[in-house]
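Chemist: here is the input, now give the coordinates:
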Amino acid sequence: MTADTLHTLTIGNAIVDVLAQAEEDFLAAQGMPKGSMTLIDEARAESLYGAMGPGIEISGGSAANTAAGIASLGGKAGFIGLVKADGLGKVFAHDIRAAGVTFETAAAEDGPATARCLILVTPDGERTMNTYLGAAQNLTPAEIDRALVERAQVTYLEGYLWDPPPAKEAFLVAAEIAHGAGRKVALSLSDAFCVDRYREEFVHLLRTGTVDLVFCNEAEVKSLYQTADFDAALAQLRADAKEAVVTRSERGALHATAGALVTVPAHPVSQIVDTTGAGDLFAAGFLFGLTTGRDPATSLRLGALAAAEVISHIGARPQRKLVDLAHEAGLVS
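Modeler: A predicted model of the protein is given here:
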């Protein structure tokens with residue numbers, strides 16, 4: 001690895017998260033299925049923002065959270081995503097750069113406002129998300145920095161970005177550049193509702209080798225193969241994907257290829273406060289392990305540790321340096 005090589009470049013929706021605690025009655029009154037992710041327009045975003053309780057604002061977005069987690073572990077991460085040159089766009093850019101992530105995508109001067117995700121966290125730690133994608137959905141191949149992709153050992157896409165056709169094209173361009181440079185391509189399935197929309201396309205990405213490594217949770221892999229039987233879904237995933245990581249909440253996580261299966265338990269956590277970002281940070285830990293030459297079991301444990309840290313507090317970014325926690329756990333020297 002040369003001095004300018006990135007461990008991972010992530011590509012995704014550049015979003016400012018607004019998190020607030022809420023009771024389940026509030027979700028019901030607003031017509032929100034608990035635990036769901038709903039795409040909303042700008043008018044709904046303004047209305048819901050006005051009805052929410054006090055919140056905190058921090059740059060977010062699934063792939064951006066993963067990049068921040070890798071940086072917190074001491075890795076070199078980059079992010080490609082589109083914001084507008086507005087107030088929230090400046091918040092996003094400041095936060096992700098302050099986290100140690102390379103972010104060079106030029107802000108849009110016109111068009112929709114910077115994206116925001118309004119996240120309601122119920123007392124059990126479950127999060128319900130309402131997302132206005134705004135400028136983020138206008139990502140095009142023009143924003144894909146060829147040199148940045150070629151520098152990255154892994155280019156990682158969040159499944160949420162598969163919605164807008166130009167962004168889909170941007171990812172395919174990035175995947176082609178990455179493979180042309182002998183690099184790996186990874187995909188997070190992001191959400192069971194996202195899988196429902198693009199099941200056939202996601203399976204095609206795996207079977208054609210466009211994606212080398214897929215991240216998903218138990219609900220997403222069941223949705224991908226339209227079965228309630230986890231073992232059956234996993235068997236099909238192992239047949240389709242070169243490499244897969246599946247998280248199973250308190251049941252731990254696994255790494256699967258056609259020829260091998262590695263499982264690890266969940267990392268202990270004293271209290272679950274907010275599950276926002278758990279999958280994103282798990283991916284960060286695993287990708288850091290993978291790109292620094294660690295074996296699948298150690299990489300899974302790094303993912304579990306990162307996820308445990310982020311669910312112990314409000315917000316989808318680490319509050320403690322993950323590299324310090326990894327040292328304490330004996331996962332890095």
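Chemist: distance of Thr5 from Ala67?
Modeler: 15 Å (Cβ to Cβ, to the nearest Å). Quick note: C-beta positions are derived from backbone N, CA and C, even for glycine.
Chemist: again, but for Lys184
Modeler: Distance from Lys184 to Ala67, by Cβ to Cβ: 16 Å.
Chemist: more neighbours, these two?
Modeler: Neighbour totals were compared for Lys184 and Ala67, and Ala67 leads with 35 against 21 (other Cβ atoms under 10 Å).
Chemist: wait, the more buried one sits on Arg97?
Modeler: No: using Cβ atoms under 8 Å, Ala67 is not in contact with Arg97, being 10.8 Å away.
Chemist: who touches both of those two?
Modeler: Residues touching both Ala67 and Arg97 (Cβ atoms under 8 Å, 6 or more residues apart in numbering): there are none.
Chemist: for Leu189, which residues are in contact?
Modeler: Gly159, Val195, Phe202, Val214, Phe215, Cys216, Asn217, Glu220, Val221, Leu224.
Chemist: mind doing that once more with 10 Å?
Modeler: Contact criterion Cβ atoms under 10 Å, 6 or more residues apart in numbering gives 158-160, 162, 195, 198-199, 202, 214-217, 219-221, 223-224, 244, 246, 279 as the residues in contact with Leu189.
Chemist: now do it, the pLDDT please.
Modeler: Leu189 carries a pLDDT value of 96.
Chemist: so how far is Asp17 from the residue nearest the centre of the chain?
Modeler: The centre of the chain sits closest to Ser62, judged by Cα atoms, centre = their mean, with a distance of 3.1 Å. To Asp17, Ser62 is 10 Å away according to Cβ to Cβ.
Chemist: likewise Asp145?
Modeler: On the measure of Cβ to Cβ, Asp145 and Asp17 end up 25 Å apart.
Chemist: next, count neighbours for the nearest residue to Pro318 once chain neighbours are set aside.
Modeler: Distances taken as Cβ to Cβ, 6 or more residues apart in numbering put Ser72 closest to Pro318, at 4.6 Å, once the chain neighbours are dropped. Neighbour count for Ser72, taken as other Cβ under 10 Å: 29.
Chemist: wait, what's in contact with Ser72?
Modeler: With the criterion set at Cβ under 10 Å, 6+ apart, Ser72 makes contact with 99-101, 281, 284-285, 288, 306, 309-310, 317-326.
Chemist: now the strands: where do they sit in this structure?
Modeler: 6-11, 15-21, 37-39, 56-60, 77-80, 102-103, 115-121, 127-132, 152-158, 184-188, 213-217, 243-247, 253-256, 261-264 (DSSP state E).
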